[in-house]
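1. 3D model of this:
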Amino acid sequence: MNTKILIIGACGQIGTELTHKLRAIYGTENVIASDIRKMNTDVVNSGPFEVVNALDFNQIEHLVEIHQITDVYLMAALLSATAEKNPAFAWDLNMNSLFHVLNLAKAKKIKKIFWPSSIAVFGPTTPKENTPQYTIMEPSTVYGISKQSGERWCEYYNHIFGVDVRSIRYPGLISWSSPPGGGTTDYAVDIYHKALSHGKYECFLSSETKMPMMYMDDAIQATIDIMQADANQIKIRSSYNLAAMSFTPTEIAAEIKKSIPDFEITYKPDFRQQIADSWPASIDDRRAREDWGWKHKFDLTSMTKDMLLHLQEQ
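-> Numbering: from 1, shown residues only. Okay, the predicted model is just below:
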């Protein structure tokens, strides 16, 4: 049977690039993009697109049936900073959308699920450097609480019902193709835009706030790699740690100055500082590398060159 993919939340920061990559691999007609509204974007205009509310089980089930979907990528979520402003809705969206796809897989209507977790599952009591795969998880944000709960439910549905669900804990993701989406790590996207447009940037985190980060190209590759791996290679059914690089605002600014010597950065920490302080500074992702062969390509230098090149072309 052919792989037929449904991406829920295809117009978001990750969904946009994931949709294009999956269409290149599996064929445009085999990848159905969907989101809460139809916007005039590449994702909507370049292939099959459906309007779907991730909170509506019947809508999702209908799409799965009419398109004979085998794999669902559930990318719809309210991110960290946005979720703090609307906790009840964040919990509802982040949890119930997951239950809908888990229950469709339990009923054997789909074969495989990808669901993203995040470094937000960790908290202030987690070891900050080289955070292990298995460690203290006491998240202090709405987003982190929902992701940690989701991990437990994924593991449960796999163990009890045999659902083939796969997940990775994304670090901060940096992309040139879509604007920041309300996450705490989004300063590392915005800084490149402002460097080119204004030559200066006011950072909402302090200068030495170190967080794990990843270029979007690597994150998309990891997502596809884990879904293409044989089921017996996926030993962890909660979510895998994933890492590429860790840096501070000072370090990213220094890298930008190599290309834009007059670039200036100032600091005005806001409520997002507290969120960032509760997260790890670096991640141990040995299990992903051992189990299904994860390898990252981009470091801070190569990512900065690529970001500035693409943004200048835009």
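2. how far away is the closest residue to residue 286 other than its chain neighbours from residue 35?
-> By the measure of Cβ to Cβ, 6 or more residues apart in numbering, the closest residue to residue 286 outside its immediate chain neighbours is residue 133, 7.5 Å from it. Backbone N, C-alpha and C define where each C-beta goes, glycine included. The spacing between residue 133 and residue 35, counted by Cβ to Cβ, to the nearest Å, is 32 Å.
3. more neighbours, those two?
-> residue 35 (26 against 16; other Cβ atoms under 10 Å).
4. my guess is that one contacts residue 19, does it?
-> No: assessed by Cβ atoms under 8 Å, residue 35 is found out of contact with residue 19, at 10.0 Å.
5. need the overlap of contacts for these two.
-> Taking Cβ atoms under 8 Å, 6 or more residues apart in numbering as the contact definition, residue 35 and residue 19 share the neighbouring residues 10, 43.
6. show me what contacts the most far-flung residue of the chain relative to its centre?
-> With distances taken from the mean C-alpha point of the chain and given as Cα atoms, centre = their mean, the most distant residue is residue 262, at 32.3 Å. Residues near residue 262 by Cβ under 8 Å, 6+ apart: residue 199.
7. all strands for the chain, in order.
-> When assigned using DSSP state E, the strands of the chain occupy the ranges 5-8, 31-35, 49-51, 71-74, 112-114, 117-118, 164-166, 168-170, 172-174, 200-203, 211-215, 240-241, 245-247, 264-267.
8. sheet partners, orientation included, of the third one?
-> Looking back up the chat, that one is strand 49-51. strand 31-35 (parallel) (DSSP bridges).
9. what of the fifth one?
-> Strand pairing for strand 112-114, determined by DSSP bridges: strand 71-74 (parallel), strand 164-166 (parallel).
10. pick the most buried one from these.
-> With neighbours defined by mean count of other Cβ atoms under 10 Å, none of those is more surrounded on average than strand 71-74, at a mean of 26.
11. send me it as PDB with only the CA atoms.
-> In PDB, the C-alpha atoms belonging to strand 71-74 read as follows (Å, rounded to 0.1, in the frame of the first residue of the first chain):
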ATOM      1  CA  ASP A  71       0.700   8.400   8.200                       C
ATOM      2  CA  VAL A  72      -0.200  11.400  10.200                       C
ATOM      3  CA  TYR A  73       2.200  14.200  11.200                       C
ATOM      4  CA  LEU A  74       0.500  16.200  14.000                       C
END
